[in-house]
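Q: got a sequence here, can you build the structure:
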Amino acid sequence: MSTDLTPLLSRFVSHMNDEDSAAFSACFTEDAVVEDEGHTHRGRAAIQAWIANAFANYAPKLEVANVSITEAGSVISGMVSGTFPGSPIMLHYHLVHDEAQISHLRCEV
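A: Model (predicted):
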């Protein structure tokens, strides 16, 4: 089990926990895709709007429990707490990325 984050993944987690939607969305490519709770968000502007809404409504905070490397990128698993029903919950963030940016994110329970 590892919690070592690359610089990109460290920014992803830090900007999420700081509730900085502009910096968070800058971790993604212009044409990135996010899948969360049955919805698909395409493009950096849509991703910024999605996460800004999540910050405003749920104040999510991610405590990383494990990071694993995949062929396409990484999976970050961690406890997410906030002002939503069922908080905290273990979530898994499946990320497709290179060293610089994320091109796809799928959030799963």
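Q: flag the shaky bits of this protein, pLDDT-wise.
A: 1 (pLDDT under 70).
Q: for it, longest helix please?
A: In the chain, assigned by DSSP state H, the helix with the most residues is helix 44-58.
Q: give the buried residues for the next helix or strand after that helix.
A: Sequence-wise, the next helix or strand downstream of helix 44-58 (DSSP states H and E) is strand 61-69. For strand 61-69, burial by neighbour count (16 or more other Cβ atoms under 10 Å) applies to K61, L62, V64, V67. (Each C-beta comes from the backbone N, C-alpha and C, glycine too.)
Q: likewise stretch 50-58?
A: W50, I51, A52, A54, F55.
Q: likewise stretch 21-33?
A: S21, F24, S25, C27, F28, T29, A32, V33.
Q: for stretch 73-82, same thing?
A: For stretch 73-82, by 16+ other Cβ under 10 Å, it's G73, S74, V75, I76, S77, G78, V80, G82.
Q: OK, contacts around V13?
A: Residues in contact with V13 (Cβ atoms under 8 Å, 6 or more residues apart in numbering) are L5, L62, V64, I76.
Q: from what I see, the third one and D4 are in contact.
A: No. The pair formed by V64 and D4 falls short of the contact definition of Cβ atoms under 8 Å, at 9.5 Å.
Q: which one of the buried residues of stretch 73-82 is nearest I89?
A: V80 (5.7 Å; Cβ to Cβ).
Q: dump the buried residues of strand 61-69 to TSV, plus distance to R106.
A: Converted to TSV, those look like this (distance: Cβ to Cβ, whole Å):
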residue	distance to R106
K61	20
L62	15
V64	17
V67	16
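Q: sorry, back to before: okay if I get the contacts of V13 as JSON lines plus distance to D98?
A: Shown next, in JSON lines, are the contacts of V13 (distance: Cβ to Cβ, whole Å):
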{"residue": "L5", "distance to D98": "15"}
{"residue": "L62", "distance to D98": "22"}
{"residue": "V64", "distance to D98": "20"}
{"residue": "I76", "distance to D98": "16"}
